[in-house]
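Student: Next come a sequence and a model predicted from it.
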Amino acid sequence: MLGRLAARAPAKINLLLEVGPARPDGFHDLLSVFQAVSLEEVVTVTPAATFGVEVRDPQGRPVPGIPDDPQHNLALRAALAVRAGRPELPPLHLDVVKEVPVAGGMAGGSADAAAALVACDAFWRTGMGLPGLHPFAAVLGSDVPFALHGRTAVGTGRGEHLVPVMTTARFDWVLVLGEEGLSTPAVFREFDRLALEHPPTPPRRDSERLRAVETALRAGDPVSLGAALANDLQPAAVSLQPGLARTLEAGREAGACGVLVSGSGPTVAWLADSHRHALDLAVLAAERFGPDRVRTVHGPVPGAQVLEAVRR
Ligand SMILES: C[C@@](CO)(OP(=O)(O)O)[C@H](O)COP(=O)(O)OP(=O)(O)OC[C@H]1O[C@@H](n2ccc(N)nc2=O)[C@H](O)[C@@H]1O
Ligand SMILES: Nc1ncnc2c1ncn2[C@@H]1O[C@H](COP(=O)(O)OP(=O)(O)O)[C@@H](O)[C@H]1O
């Protein structure tokens, strides 16, 4: 019998995010290039009398602002989805160690869900594997399928239809975290408001912007990738948090190859041309925004996977 089991899942940056008009179901069709980066969530599952979850930062401090009930916590919802129809499986307590900023546009909650799916499947030996877990992931959230699969991928639909991008190159990034989070639905609503003047067209797989990003990824060229980075949600995020314009400008002034808001923000990503360059950019970012708000990461990294299983 296993005593506990831990799994990890990565955060993401959207290298490209094209957003179409609002659909009748309230969602927006997207064309996105996701890259999984080296900030991650770790979920440890332990048998318990009842289901429960605790979320802490890497220093062991509780993380505020995250629901802990089974209707809303994404990691708990993932565990309950895997157990549906199998009441004989023992309840689990989930410990989440959260490295990814909350409501930061980097899909930390989705990574919690993906890590919990993989951890529960392995702990209970339900044998679903990635293909079996993918449909659960898509129901839990638009970004959860990518957190399962990781690496670099083009996402369409709500982001749940994924095709890997073949790139072996490593890209180095400096992240400047926001002072407070941004709500994803609020940013989409602001996108719709701004779109009243220039209505968007549905994203197309033959997009010129997609071709530019894919070409730069395959060439492993950070300068071309920097020029190709694009996010249709960026004006909406900047409209809600005007200070983001300064963080973007600071990256350009510091000599980043490219800068953009990740997803719905407010995390801003600066692309470096090497690990060394990222360290130099991080020093400048820390002087300007304070070291607590700066992270140096690289991508692509793998999707959700089991880290360790400990027997009783
Ligand atoms: C914008 C993106 C880009 O990768 O990332 P984040 O910035 O949140 O990390 C994602 O599309 C976010 O995915 P996720 O955070 O999983 O969103 P969901 O829980 O599925 O949806 C939250 C809400 O966002 C809006 N939403 C989300 C996805 C989408 N394609 N269209 C939408 O309009 C809807 O209002 C929805 O009710
Ligand atoms: N494990 C989790 N379960 C449920 N909600 C979460 C979890 N982690 C984060 N959230 C919540 O989901 C919302 C968006 O979370 P997050 O994934 O961190 O950001 P984003 O969607 O911007 O990438 C936040 O309001 C946050 O409180």
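Tutor: Perfect, I can see it now. Ligands and ions are numbered 1, 2, ... in the order given.

Student: Please make it C-alpha for all contacts and neighbour counts, starting now.
Tutor: Noted.

Student: Buried by neighbour count: which residues of the helix or strand in which Lys12 is found qualify?
Tutor: Applying DSSP states H and E as the criterion places Lys12 in strand 2-22. Buried residues in strand 2-22, counted by 16 or more other C-alpha atoms under 10 Å: 4-22.

Student: Likewise for stretch 177-193?
Tutor: Buried residues in stretch 177-193, counted by 16+ other C-alpha under 10 Å: 177-178, 181-184, 187-188, 190-192.

Student: check those residues against ligand 2, which are close?
Tutor: When contact is defined as C-alpha under 6 Å from any ligand atom, the buried residues of stretch 177-193 meet ligand 2 at Thr184.

Student: Could you list which of the buried residues of stretch 177-193 belong to helices?
Tutor: Taking DSSP state H, the ones among those that sit in helices are 184, 187-188, 190-192.

Student: pull the CA atoms of the helix ranked longest in the chain into PDB?
Tutor: Across the chain, the helix with the greatest residue count (assigned by DSSP H) is helix 108-124. Extracted in PDB, the C-alpha atoms of helix 108-124 (Å, rounded to 0.1, in the frame of the first residue of the first chain):
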ATOM      1  CA  GLY A 108      -1.200  27.800 -11.700                       C
ATOM      2  CA  GLY A 109      -4.600  26.600 -10.800                       C
ATOM      3  CA  SER A 110      -4.600  24.500 -14.000                       C
ATOM      4  CA  ALA A 111      -1.200  23.100 -13.100                       C
ATOM      5  CA  ASP A 112      -2.700  22.100  -9.700                       C
ATOM      6  CA  ALA A 113      -5.500  20.300 -11.500                       C
ATOM      7  CA  ALA A 114      -3.100  18.500 -13.900                       C
ATOM      8  CA  ALA A 115      -0.800  17.400 -11.200                       C
ATOM      9  CA  ALA A 116      -3.700  16.100  -9.100                       C
ATOM     10  CA  LEU A 117      -5.100  14.200 -12.100                       C
ATOM     11  CA  VAL A 118      -1.700  12.400 -12.600                       C
ATOM     12  CA  ALA A 119      -1.100  11.900  -8.900                       C
ATOM     13  CA  CYS A 120      -4.600  10.300  -8.300                       C
ATOM     14  CA  ASP A 121      -4.400   8.100 -11.400                       C
ATOM     15  CA  ALA A 122      -1.100   6.800 -10.200                       C
ATOM     16  CA  PHE A 123      -2.000   6.400  -6.500                       C
ATOM     17  CA  TRP A 124      -5.300   4.600  -7.200                       C
END
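
Student: Please name every helix or strand in contact with that helix.
Tutor: Where contact means 3 or more C-alpha pairs under 8 Å, 6 or more residues apart in numbering; DSSP states H and E, helix 108-124 is packed against strand 2-22, strand 28-47, helix 74-83, strand 92-98, helix 129-140, helix 144-149, strand 305-311.

Student: Return the distance of the second one from the chain's centre.
Tutor: Spelled out, that is strand 28-47. Computed by C-alpha atoms, centre = their mean, to the nearest Å, the chain-centroid distance of strand 28-47 equals 4 Å.

Student: Check the last one too.
Tutor: What separates the centre of strand 305-311 from the centre of its chain is 23 Å, taken as C-alpha atoms, centre = their mean.

Student: average model confidence for it?
Tutor: On average, the pLDDT along strand 305-311 is 87.
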